[in-house]
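[1] What follows is a predicted structure for the sequence shown.
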Amino acid sequence: MRTVVIEHLARVEGHGGITVELDGNTVGKVRFDVFEGARLLESLVRGKRYDEISPILSRICSICSAAHSLTSLKASENAFGVQISPQTELLRELLYQGESIQSHALHLFLLAVPDYLDLPSAIALAAIKPEAVKLGLRLKKLGNLLQETIGGRAVHPVNVVPGGFGTVPTVDQLIEVRNALIEGLKDADTTIDLIASLPPAEFCRCDTAFAALRSPNPDNYYAGDEAVVASNGDRSTMRAADYRKLANEQSVQHSHAKHSSFGGKPFMVGSLARLTVNPQRLTGKMAAAMERLQLHFPARNPMDNNKAQAVELVGDIERALQIIEQLLRDGIKDERPAEVHVRAGTGTAMTEAPRGLLIHSYTYDGEGRITAANVITPTALNAACIEMHLRRVVEQCAEGEEAVLEKRLQMTARAYDPCISCSVHLVRKL
Amino acid sequence: MSKPTVGIFGLTGCAGDQLVILNCEDQLLDLVSVIDIRDFLMASSGNDEVCPLDVAIVEGAVLSNRDAEKLRAIRNRSKFLVALGTCAVWGGVAAMDRGADRRKLLQEVYGETGLSYDSAAAQALHEVVKVDLNITGCPIEKDHFLSAIANLLIGNPPLYPEYPVCTECRMLENNCLLIERGQLCCGPITVAGCQARCPNLRVPCVGCRGPVVGDANPSSLLSAFEEKGFDRQAIAARLRTFAPQGGPQ
């Protein structure tokens, strides 16, 4: 019996590791360990007023802070029956696109790509391919420009409030962002070339189930109320309010993240799942990008999630441009947030954070104070699937050195773009 | 002159302050040409986990024995330790109710399994080790990080505002959300440095940078809020959302 341990998984957000037990050729336990401390924020918000919830629960995760903020607001607004304006809906969607651009550029260029070239970091990458790192930083900056313009800050947006925005962007600001997005389209195109030029990476092949928000419009991360689980050609649909069917979680000893399955099978969420579930998105530049990357469905290699993020970078920039054109055409109005009238009840919201499905579900009393909060994050939903894929990697790694296996395990876990701070937030037992 | 050796670490938190470092897109490549980053797990897999460091930059709060041990080990190998962000400086959102029964909370979330988890009430870094510089903010402001590095390179401590967000807000000539709109704005008691980000967008300050040390007068502020009809307990809880009582020394 020998044990392969990756104590600190590097180039991911948060603190996790991997443990594999091997007995000759038999694979024993395979664990994705989560060491992140438990902050118990869902319990600590109990008794807080509705307008305090989003700034607190945004702090679950920095990279997905816009998604956490807006999913939180949407859950509260659903609980109170608040109708937001079409302009607010568009601006929120635009903020999601900005977050996705930042997050995907960060993950691809600073966290994932160095592996393909046997390098420890983007700093090392900059020494041999400075243009590649500068390209990634320009895209990251573009995403952050969008987040700052709409959200008021790149990390933990301050301008998003119940019912709408504190202050809407000016026409001049929107034009500045539009011009940056037009430049960004070229950078996204170059990104596809770069990702297509990387050495192939396939460490396991296996059937995988995928879950994502079914979007009413192409390229939508925010609007929508139904998730689809796609598995071997079957599609099951589920409304946000029934989220417990999806997040059918179990506590496990080695991890502060619970493990989710649907119909007894783990499933994957994130970019690859979104493209799989919403093939209607895949036209024009996105379809061409998929072809250049040789990304085909159903995907059976979890490393394809990196390619899917590159495809989404193209789609995000296109969609952000469309939204800005529409806002400029319709004329941006200096709207005040929709009024909130509190009432007792439960509200659930499901959106697509950069790393996949994100669910916030709250119960309020008649005074607008929260009595229960559940947050289910993409990395918590992915945890069981990460372990399944790690197991396949071990099984399909015929022989060779431990270093090869370790590298494959790390690259596979990293392809999920895990956000381990997020993963510790779970469904509370009721 | 040899480049100073630097380590960048995260304890328990959202990694937002490390993300702000990575968000210095225009400065990042210059930055790594003047400092030698030896240990930065979030950005590199080629780290030296034991070498002595001239500067350790640590974000997050201490929420477990594992965190505390890690922090002590970082302190032991570092000449100068920077607490980065509100969690590191004050405890942050995880510290908003340190009196809560953690066993009960853990059990609620994780069931019986939770009772075996290594978990303790959130502490700021200064409650566990000596801290040489505090850079507050949730997250920190990019400029504050860059000016800290620039100043440390020439051997000076950086200077940050010690006055409240209100001062910045007035300089921007905003209408007062507290006095003119009766909104619960934490600007009078929260330390400046953010250019009044929130009130400048007509959103009340939530106090994410932590309180002004020394000067602010919480009891007179409490009275001002009470005059506007806010409940004393709710105000006190709100003022403690990001920073429990007892701050950096």
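    That came through, no problem.
[2] Can you give the domain ranges for chain B?
    The record assigns chain B these domain ranges, following automatic domain parsing: B:5-153, B:165-239.
[3] For those, which has the smallest mean pLDDT value?
    Set side by side, the domains of chain B give their lowest mean pLDDT on domain B:165-239, at a mean of 88.
[4] Which one, of the domains of chain B, ends up nearest to A:Q97?
    With C-beta to C-beta as the measure, domain B:5-153 is the member of those nearest A:Q97 (17.2 Å). In short, each C-beta sits where N, CA and C put it, glycine included.
[5] Straight-line length of that closest one, end to end?
    Across domain B:5-153, the terminal residues are separated by 11 Å (C-alpha to C-alpha, to the nearest Å).
[6] Over to stretch A:366-374?
    End-to-end distance for stretch A:366-374, by C-alpha to C-alpha: 19 Å.
[7] How about stretch A:81-92?
    Between the opening and closing residues of stretch A:81-92 there is a gap of 18 Å (C-alpha to C-alpha).
[8] give me the low-pLDDT residue ranges for the stretch 201-350 of chain A?
    Scanning the stretch 201-350 of chain A with the threshold set as pLDDT under 70 gives A:217-219, A:248-261.
[9] show me where it has strands.
    A:209-213, A:226-231, A:234-239, A:250-252, A:255-259, A:267-268, A:345-353 (DSSP state E, counting those that start in this stretch).
[10] For those strands, give me JSON lines that also has distance to A:A380 and mean neighbour count.
    Compiled in JSON lines, the strands of the stretch 201-350 of chain A are given as follows (distance: least, C-beta to C-beta, whole Å; neighbours: other C-beta atoms under 10 Å in any protein chain shown):
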{"stretch": "strand A:209-213", "distance to A:A380": "13", "mean neighbour count": "25"}
{"stretch": "strand A:226-231", "distance to A:A380": "15", "mean neighbour count": "20"}
{"stretch": "strand A:234-239", "distance to A:A380": "17", "mean neighbour count": "13"}
{"stretch": "strand A:250-252", "distance to A:A380": "11", "mean neighbour count": "16"}
{"stretch": "strand A:255-259", "distance to A:A380": "5", "mean neighbour count": "26"}
{"stretch": "strand A:267-268", "distance to A:A380": "12", "mean neighbour count": "26"}
{"stretch": "strand A:345-353", "distance to A:A380": "12", "mean neighbour count": "23"}
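[11] Any idea which of these gets closest to chain B?
    Closest approach to chain B among those (C-beta to the nearest C-beta): strand A:250-252, 4.2 Å.
[12] pretty sure A:T237 is touching A:V228, no?
    Yes - with the criterion set as C-beta atoms under 8 Å, A:T237 and A:V228 qualify as a contacting pair; they are 5.5 Å apart.
[13] List the residues that are in contact with both of the two.
    Overlap between the neighbourhoods of A:T237 and A:V228 consists of A:R214, taking contacts as C-beta atoms under 8 Å, 6 or more residues apart in numbering or on different chains.
[14] Show the contacting residues for the residue nearest the centre of chain A.
    For chain A, A:R355 is the residue whose C-alpha lies nearest the centre (C-alpha atoms, centre = their mean; 1.7 Å). A:R355 makes contact with A:64, A:103, A:269-270, A:377-379, A:382, A:416-419, A:422 under the criterion C-beta under 8 Å, 6+ apart.
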